[in-house]
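>>> Return atomic coordinates for the entry below.
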Amino acid sequence: MADPNFLKFDTLSLHAGQEVDPITGARAVPIYQTTSYVFKDADHAASLFNLETTGHIYSRLSNPTTAVLEERLASLEGGVGAICTASGHAAMHLAIVTLMSAGSHIVCSQSVYGGTYNFLKHTMPRFGIETTFVNPRDLDAFKDAIQDNTRLVISETLGNPGLEVTNIPALADIAHAADIPLLIDNTFATPYLCRPLDLGADLVMHSATKFLGGHGIAMGGALIDGGRFDWEKSGKFPTLTEPYEGYHGIRYEEEFGPLAFLMRARTEGIRDFGACISPTNSFQILQGVETLSVRMEKHVANARKVIEFLNTHDAVETVSYPELPTHPDHELAKELLPKGCVHFQFHCQRWPRSWQGVYRTVADFLSSGECGRCQKPRHSPCLDNTSANGCASPQECGHFRRNDPPVSGY
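The predicted model follows:
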């Protein structure tokens, strides 16, 4: 039998997770546009509801089309499994509510997607979960911010909007020393450019709407588990180690081992909060995943050409890009992002007039409210001082500054 590691990224992006339909022989992944499924008999139904056997009950919980996407993303990221959600926000929420309750605490990079910042800063405190934000380059700050009730450390592979490269191995060591997991948002890098689980992270999330889809026609999120964190040994996660009355006193760590987190997330978080992805959206995102490596290679090549142009333009004062020797994280980027990076920042002289001219020149390419779609090199700019940066649009990202010149780029 061939070693499964023989299959490389391109092959996995095309085939991982799919078993060809034995009845129709359909080559493409079918869209199972159904809400429910037929049970063989009463015993089969009981075994499904009691989590004694695998299968589908209701498409809020699981769906055959979505299952292919989940297995494919888990394979690409090197995880034991995945759960796809209605959006990236839903994936972040699912991770938090699966691991913690009121009274818990999170340590998070301050350079994260603005929607994540708003969610942790303003929304979660209403439910008794507080967050301390720290400089992503300051590892001591992460360590010092961890409290007795801290249950999760969060960062992004590439900071948003600052483009800080997270030192994932070092940050994982800090989290693990405190017996808590590290969650990395890998939306901007995708598993093609970086695999955080290989570097020590425990959980990875994506806004699949962005680069994984690449086409801008389907919303989705993903949460992938590396399956290596020892919940029982940690002793800080009763949701996974103590009896859960919602499923007849089941202990997830005891029953499911490396899949404990994902099973609790699916059977409680997806079941009760209901932020499931539709089968059609799963299918559409699968179409994007099939071309992920080709697109990311081109994104990187395009970014390098733009950086070369900006570095020689009279109106541009500074350019920030992890591949440039002048970037503070250049050496770390060479280690963790050897295939390159697609995001950059630049600062214009004589603003705002200089920037307005640049914006008019590239306006056709700066007209959508998201990143990662192949039709646009960048979405509407974020207003962040005088810098072009890699965060989302002002309205979406939360970094809006009135009267600052609009600039952005990837």
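
>>> What values do phi and psi take at the closest residue to L193 other than its chain neighbours?
Once flanking residues are discounted, L193 sits nearest to K339: 5.1 Å by CB to CB, 6 or more residues apart in numbering. Where you see a C-beta, it was placed from the backbone N, CA and C, and this is true even at glycine. Backbone geometry at K339, expressed as degrees, to the nearest 10, gives phi -90, psi -10.

>>> Would you agree K339 is in contact with R195?
No. Contact criterion CB atoms under 8 Å: K339 and R195 do not qualify, at 11.0 Å.

>>> what residues are up against the closest residue to S207 other than its chain neighbours?
Counting by CB to CB, 6+ apart, G88 is the residue found nearest to S207 once chain neighbours are left out, at 2.8 Å. Counting by CB atoms under 8 Å, 6 or more residues apart in numbering, G88 touches D185, T187, M205, H206, S207, A208, T209, K210, G220, G221, A222.

>>> same for the longest strand seen in the chain, what does it pack against?
Counting residues, the longest strand found in the chain (DSSP state E) is strand 150-156. If contacts are counted by 3 or more CB pairs under 8 Å, 6 or more residues apart in numbering; DSSP states H and E, strand 150-156 sits against helix 88-99, strand 105-109, helix 168-177, strand 182-185.

>>> what comes into contact with it?
The contact list for strand 150-156, computed with CB under 8 Å, 6+ apart, reads 95-96, 99-100, 104-109, 111-113, 116, 120, 136, 142, 146, 166, 168, 171, 174-175, 178, 180-188, 236-237.

>>> and the residue nearest to S207, how far is that from E156?
As judged by CB to CB, to the nearest Å, G88 and E156 stand 11 Å apart.

>>> start to end distance for stretch 284-294?
Taking CA to CA, to the nearest Å as the measure, stretch 284-294 stretches 17 Å from start to finish.

>>> Now W231: closest residue in space that isn't a chain neighbour?
L240 (4.4 Å).

>>> show me what contacts that neighbour?
L240 makes contact with L99, W231, Y252, E253, A260, F261, R264 under the criterion CB under 8 Å, 6+ apart.

>>> Please read off the pLDDT at Q375 from the model.
Looking at Q375, its pLDDT is 56.

>>> Count the residues that sit near P169.
16 (other CB atoms under 10 Å).

>>> Hmm, A201 and it touching each other?
No. If you go by CB under 8 Å, P169 and A201 don't touch, sitting 9.0 Å apart.

>>> Do you have the strands of the stretch 201-350 of the chain handy? List them.
Assigned by DSSP state E, counting those that start in this stretch, the stretch 201-350 of the chain shows strands spanning 203-207, 221-225, 316-320, 345-348.
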